[in-house]
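> Sharing a model prediction with you, sequence too.
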Amino acid sequence: MSLIYETIITSLDVAGHVHIAPFGIREEQGLVLIAPYRPSASLDNLLHHRTAVINMTDDVRVFAGALTGRRDWPLKQADKVKGVVLQSALTHRELELVEIREHEIRPELLFRIVHEVQHRPFRGFNRAQAAVIELAVLVSRLHMLPIEKIDAEIAYLHIAIAKTAGEREMQAWQWLIERIDNHKAAKDMGNIA
Ligand SMILES: Cc1cc2nc3c(=O)[nH]c(=O)nc-3n(C[C@H](O)[C@H](O)[C@H](O)COP(=O)(O)O)c2cc1C
């Protein structure tokens, strides 16, 4: 097993438009490993420009927003590579692609860390933030999961939300719940198998 950190990858498409997506990253011998399932806009962008920016943010709205069509977050230019940084990043790293392990379903991209900046201190663990990340992972797999499993997870994760959420966490949670409700409604109407 290897340690995985949940981050936000900002990348640029061929035309220079920004793309924001959550990705779990690993470290392997000083390199950063990103493994996107195909198809992925991020994968296309990373392969095209051979650079990436990873943003470590505690604003979980960015995670929930990426899965619910809300991707308009304040950005600034990266320092050393062609790319952008989330203003909400506590830390960001600028990366350069050095190796591709080809795979039909999930290729592995290895990046060298070119530059790293710490913007704000880590303020400690927050259970509601972790709960939002968990629910975001479920939402990204909604089409594969039975409704009963989703409902059971929501019931458990909501305990942390009720006890420890601030405004940002509450909003992010709400966006994900709305997305799940819409999915359930579409299923009930027979639009989704
Ligand atoms: C916390 C979190 C971690 C994720 N990690 C990965 C990952 O490692 N690989 C992947 O393919 N998708 C991952 N996803 C799902 C992607 O963010 C999502 O499918 C996204 O749309 C990527 O596709 P895109 O590059 O086309 O935007 C993750 C989602 C969440 C919420």
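Yep, it's here.
> Setting aside sequence neighbours, what's the nearest residue to residue 41?
residue 19 (5.3 Å; Cβ to Cβ, 6 or more residues apart in numbering). Bear in mind the C-beta positions are built from the backbone N, C-alpha and C, glycine included.
> who's the one you found bridged to?
Per DSSP bridges, the residues bridged to residue 19 are residue 11.
> which stretches of the chain form strands?
Secondary structure of the chain (DSSP state E): strands at 5-12, 18-28, 31-34, 51-57, 75-77, 84-86, 89-101, 108-118.
> ok, and for the longest one, which residues are buried?
Translated: strand 89-101. Residues of strand 89-101 classed as buried under the neighbour-count rule (16 or more other Cβ atoms under 10 Å) are 89, 90, 91, 92, 93, 94, 95, 97.
> Now tell me what touches stretch 58-66 from outside.
Contacts to stretch 58-66, defined as Cβ atoms under 8 Å, 6 or more residues apart in numbering, come from residues 6, 8, 20-22, 55, 70-71, 73, 86, 88, 90, 122-123, 126, 128-129, 132-133, 135-136, 139, 168-169, 171-173, 175-176.
> still on that earlier bit, so what's the residue nearest to residue 41 up against?
Residue 19 is in contact with 10, 11, 12, 13, 41, 42, 45, 71, counting by Cβ under 8 Å, 6+ apart.
> Tell me the spacing between it and residue 2.
26 Å (Cβ to Cβ, to the nearest Å).
> residue closest to the middle of this protein?
Nearest to the geometric centre of the chain sits residue 22, at 1.2 Å (Cα atoms, centre = their mean).
> Can you name the residues of this protein that neighbour the ligand?
Taking Cβ under 6 Å from any ligand atom as the contact definition, the chain meets the ligand at 6, 21-24, 35-37, 40-42, 63, 133, 136-137, 140.
> Going through these, which ones are buried?
6, 21, 22, 23, 35, 36, 40, 42, 63, 133, 136.
> related to what we said a few turns ago, with residue 189 as the reference, name the closest of the strands of the chain.
Distance to residue 189, taken as Cβ to Cβ, is lowest for strand 18-28 among those, at 28.6 Å.
> For whichever residue of the chain sits closest to the ligand, list the residues it contacts.
Here the chain gets closest to the ligand at one residue, residue 42, 3.2 Å apart by Cβ to the nearest ligand atom. If you count contacts by Cβ under 8 Å, 6+ apart, residue 42 has them with 9, 11, 19, 21, 23, 36.
> Dump those into JSON lines; add pLDDT as well.
JSON lines is the format used below for these (pLDDT from 0 to 100):
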{"residue": "9", "pLDDT": "98"}
{"residue": "11", "pLDDT": "98"}
{"residue": "19", "pLDDT": "98"}
{"residue": "21", "pLDDT": "98"}
{"residue": "23", "pLDDT": "98"}
{"residue": "36", "pLDDT": "98"}
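> can I see the domain layout of this structure?
5-118, 127-188 (automatic domain parsing).
> which regions of the chain sit below the pLDDT cut-off?
Counting by pLDDT under 70, the chain has low-confidence residues at 193.
> From residue 43, how far off is the residue nearest to residue 118 when sequence neighbours are not counted?
Computed as Cβ to Cβ, 6+ apart, the closest residue to residue 118 that is not its neighbour in sequence is residue 91, at 4.9 Å. As judged by Cβ to Cβ, residue 91 and residue 43 stand 23 Å apart.
> With that, I have no additional questions.
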